[in-house]
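Student: Here is a sequence with its predicted model. Questions after.
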Amino acid sequence: MMSALAAQFAQMALVLALAPALTGLTRKMKARLQRRIGPPIIQPYRDLRRLFGKDVVLADNSSWLFRAAPYLIFAATWVAAALVPTFRTGLQFSWAGDLIAIVALLGAARFLQAVAALDTGTSFGGIGASRELMIASLAEPAMIMVVFTVALVAGSTQLSTIAAFMADRGGLRVSLAMALFALVIVALAENSRIPVDNPSTHLEVTMVHEAMVLEYSGRHLAMIQLATSLRLLFYISVIACIFCPFGLITGASGWLGYGVALAAYILKVIVASLLLATLETAIAKMRVFRVPNLLGIALMLGLLGTLLLFVSRGM
Amino acid sequence: MQIVLAGVAGLLGLSVLALVLFRRRAAAPILYGACLAICLGLSASAALSLNQAASEAVLPLGLPWLGAHFRLDALAAAFLVIINFGAASASLYALGYGRHEAEPARVLPFYPAFIAAMNLVVIADDAYGFLFSWELMSLTSWALVMARHRVARTAVAGFVYLIMASFGTLALLFAFGLLAGPQGGYAFAAMRAHPLSPGLAGLALVLAVVGAGSKAGLVPLHVWLPLAHPAAPSHVSALMSGVMTKVAIYAFIRISFDLMGDPGWWWSLPALLLGGATAVLGVLYALMETDLKRVLAYSTIENVGIIFIAIGLALAFKAGGMAGAAALAVTAAVFHAFNHMLFKSALFFGAGTVIVATGEQDMEGLGGLIRRMPVSSAAFLAAAMAASALPPFNGFASEWLIFQSILVSPELPQMGLKLLVPAIGVLLALAAALAAACFVRAFGATYLGRARTAAAAQAREADRWSLAAMIICATLCLLAGLFPGVVIDWLQPVPTALVAGHMPPQAGIPWLSIVPVSASRSSYNGLLLFSFVAAAACLAVAVLHRFASRIVRRAPFWDCGYPNLGVLAQYSATSLAQPIRRVFADITFAAHEQVDMPAPGDTRAAVLTRYLRDPAWDFIYRPLARALGATATLLNHIQFLTIRRYLSLVFIALVVLLVVLALWG
């Protein structure tokens, strides 16, 4: 009980501390792959500190919603990331929401992000929000289908139970491979990464996520950037704990075990970051109206995975 | 039972009173206040009678040999709560909103009768009483739709509604005829006692889907709904959308689960297929629409689809002998019906306050209202999040239960269902995601941004009665989302009566989580998630305001450096939906755009035209209307025959009938 509670709070602190480093690491690796030196890995922390110190410049006509949204977006994303098993399963509050609820929590964060983008009545906020909604309208069903596939394999939608099942008895399955592929596409889309969106662009015709946060400044912008980093870490953690659960503590463990599990988790995050940087360097960004095709593939893969399990069950 | 009948009599009495009083200024407050009191009483008494044994009553009304049978069982009690709570909040809202009514005499007499009729449908226990109250409900709501008969669109709406309502009643009439059988047992008790043969059951099911579905708004029988619901005054729109569609859902549940006996597995097919199509098409229609109230009406269609998906799953589970899963799906269906009543009422109330404040219901003429109407915009936002199935609100809790019941369905024995149910799951997830897009758009275009018209810029916050009704509904949306276990436990008599199963009791589960099947399988705790998010947000605010800069400066918006953007340069409702229109609507609605760009040097304005096709009208109703017209023209000749020809026609008809009888016997 106490250890589960301690692990829960340790995890909340861990994801918060690690998220900016992940963003920094990905940027660094991407720069190196493109033969640039790139900013240091701790640059996102410096950015955050600088933004914390700056004044907030609010648009004259912005409402209470615009000011409240960054904190709520950050809080929802943080809670979602804190409920994913990173180094051990059976966290104190892991039953507070199953995978469907966690995905919906991120959906709530996106809802707030989109309405906040519309608040000032600028054209860029609108363009970002409308595209984000189009992407989400396909990415979310695809994610639900991935959840269905995984849940049918593990017999549970609880992320903790799924991770424990995968660590103990997970094997190679066609439907899981489909789910992994679909989940990677969804993760790219939800995190506004190439090929769906470019996190480092400010070219007006291409941007989605950046267009939504254009009006933010100071500590509000810092909250949103932190939430963006947390969301990337969330998706990497989900992929890691479902499809690559090695090193995850599922029962009782000593200090050494925790150390190993933590090291394994950080290793997984580094590998994922390297893969992401390679992918983003290797392929180009898609046109916005090509994205539905990509997400359609994810949705169909998720559906096929689920169908396979539905049909093979109970015969 | 007696309380419900007394309440209904009271409401009918109020209708008569309205006929006398309507010229007085005090008529509206007195009548709405009385409706509020009676409906609250009815709602409370129904809530208390939910877990009591069914009570019955027979009154010497209606057909002389039949009498009027009434029965209050768990299903009826649950829907009575939905109806009367929705009616009570609408009456509370109308205490303020009703003052803006130009012709109260066209609303006041019908409003209590409409509520009474919906109550009567739910407690009726014989086909005659059911159909009589059903028609009373249709006609009173038609009269309410026609309250603003001087608006051109209202006449069309009323006409289409009247046709579809009569058609639906006709289908229900035939369904009850089949259920009653040759003996003519029109009391529901007699129908329960005589199950139908599979062939006749299929026919009765189709008739029930058509009859109840046309009132509930199942695609493609939905065409009247987005015309009629928005045409009525807003409190009546809320009643029609939030409550009357629930009465139709009640009718389908009553017929398919109760009167028709043990279901075959294929009974679930129409509900699942039409429900899935309705859920997705409803919200897509909503995304194409710019009239705020029509957006809400289309969203009602979507939610009806979601409820029908849950009903279909429940039928499949019941036929497969999976009582626990069937109980889960039934609970999800009724829970979602309850939730939809709450959030759709709040949304229509919000639309009503917007219309009162600005005189505008097209979203393209609104905008920026969050600064002029802060309280109602917050309530609208909460209800919009509930309608988008986002935690911690109630819409998510019920959709989560439906997802959980989909995850139980691999244990179904039928291969066809195994292939169908995941596809329905995709449709449900798609509908939920598109609903979020729809409500970002509706809220954003109406309340956010800058005002697009002078009227929107001058808007004033609504009166306190309207605000109270909105706040109560929005708060209950949140509470039902935070404590879904309470509602689930409270609803359990319904699945116990319908499918002889129940969900695990939620009250004993630690931390107020909800557990649909077992704790290791899935659990959800809206309260805890909400507290965590709230605590994390407060922590972030506290830390930042302590250690980071606290300074806020105001400046013109930046918008990537573009200066002097006009009000019309902001994204409109139409442009917000453009990506979704391009992705989803080119097949369903044949959506396309045409740009008429003048040649260089030509000073005329460029024109962008947007084309949309409504498949229901183009493929079903217009051809039907044309065919009817053509047939009528053909038959018109018969009107001008000589008497000899008429006599020979009568003779031929007689001979044909006798031959048919001879062959049949």
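Tutor: All right, it came through fine.

Student: How about the residues of the stretch 201-315 of chain A by chain B?
Tutor: Selection of the stretch 201-315 of chain A residues close to chain B by Cβ under 8 Å from any Cβ of the partner chain yields A:202, A:204, A:214-215, A:218-219, A:222-223, A:288-289, A:292, A:299, A:303, A:306-307, A:309-311, A:313-314. Where you see a C-beta, it was placed from the backbone N, CA and C, and this is true even at glycine.

Student: Weed out the non-buried ones from these.
Tutor: Buried members of those, counted by 16 or more other Cβ atoms under 10 Å in any protein chain shown: A:204, A:214-215, A:218-219, A:222-223, A:288, A:292, A:299, A:303, A:306-307, A:309-310.

Student: ok, now how distant is B:Ile30 from B:Ser91?
Tutor: 11 Å (Cβ to Cβ, to the nearest Å).

Student: Show me which of the two is the more surrounded one.
Tutor: Neighbour count, other Cβ atoms under 10 Å in any protein chain shown: between B:Ile30 and B:Ser91, B:Ser91 has more, with 27 against 15.

Student: Leaving out sequence neighbours, find the closest residue to B:Ala480.
Tutor: B:Asn394 (3.8 Å; Cβ to Cβ, 6 or more residues apart in numbering or on different chains).

Student: how near is the one you found to B:Ala386?
Tutor: On the measure of Cβ to Cβ, B:Asn394 and B:Ala386 end up 6 Å apart.

Student: what residues do those two have in common as contacts?
Tutor: B:Asn339, B:Leu342, B:Phe343, B:Cys477, B:Leu478, B:Gly481 (Cβ atoms under 8 Å, 6 or more residues apart in numbering or on different chains).

Student: Tell me the one of those residues nearest B:Pro226?
Tutor: Of all the shared contacts of B:Asn394 and B:Ala386, B:Pro226 sits closest to B:Phe343, with 18.0 Å by Cβ to Cβ.

Student: Please list all residues in contact with that closest one.
Tutor: B:Ala383, B:Ala384, B:Ala386, B:Ala387, B:Phe393, B:Asn394, B:Gly395, B:Cys473, B:Ala474, B:Cys477.

Student: What backbone torsions are found at the fifth one?
Tutor: When you say that, I think you mean B:Phe393. Its backbone dihedrals place B:Phe393 at phi -80, psi 170, with angles given as degrees, to the nearest 10.

Student: That one: neighbour count?
Tutor: 28.

Student: Now do the same contact list for it.
Tutor: B:Phe343, B:Ala382, B:Met385, B:Ala386, B:Cys477, B:Leu478, B:Gly481 are the contacts of B:Phe393 under Cβ under 8 Å, 6+ apart.

Student: so which of the residues you listed is the most crowded?
Tutor: That'd be B:Ala386 among those, by other Cβ under 10 Å, with 32 neighbours.

Student: helix, strand or coil for that residue?
Tutor: Following DSSP: H, G, I helix; E, B strand; the rest coil, the label given to B:Ala386 is helix.

Student: which residues does it contact?
Tutor: Contacts of B:Ala386 (Cβ under 8 Å, 6+ apart): B:Asn339, B:Leu342, B:Phe343, B:Phe393, B:Asn394, B:Gly395, B:Phe396, B:Ala474, B:Cys477, B:Leu478, B:Gly481.

Student: ok, now how distant is the closest residue to the first one other than its chain neighbours from B:Ala323?
Tutor: The spatial neighbour of B:Asn339 that comes closest, neighbours along the chain excluded (Cβ to Cβ, 6+ apart), is B:Asn394 at 4.2 Å. The spacing between B:Asn394 and B:Ala323, counted by Cβ to Cβ, is 26 Å.

Student: With neighbour numbers in mind, choose between these two.
Tutor: Each of B:Asn394 and B:Ala323 has its neighbours counted (other Cβ under 10 Å); B:Asn394 has more, 30 against 16.

Student: Correct me if wrong: that one contacts B:Val486.
Tutor: No: using Cβ atoms under 8 Å, B:Asn394 makes no contact with B:Val486, being 11.3 Å away.

Student: which residues of the stretch 151-300 of chain A score low on pLDDT?
Tutor: Residues of the stretch 151-300 of chain A meeting the criterion pLDDT under 70: A:203-206.

Student: can you pull out the helices in it?
Tutor: Using DSSP state H, counting those that start in this stretch, the helices of the stretch 151-300 of chain A run over A:159-169, A:174-190, A:209-212, A:218-243, A:255-282, A:291-312.

Student: Looking at chain B, which helix is longest?
Tutor: helix B:323-358 (DSSP state H).

Student: From the chain's centre, how far out is it? Work that out for me.
Tutor: When distances are taken as Cα atoms, centre = their mean, to the nearest Å, helix B:323-358 is centred 8 Å away from the chain's centroid.

Student: Stretch B:554-568 now?
Tutor: 40 Å.

Student: same deal with stretch B:658-665?
Tutor: 46 Å.

Student: Quick one: mean pLDDT for it?
Tutor: In this model, stretch B:658-665 carries a mean pLDDT of 88.

Student: Now stretch A:53-68: buried residues?
Tutor: Buried-residue list, stretch A:53-68, by 16+ other Cβ under 10 Å: A:Val56, A:Val57, A:Leu58, A:Ala59, A:Asn61, A:Ser62, A:Ser63, A:Leu65, A:Phe66, A:Arg67.
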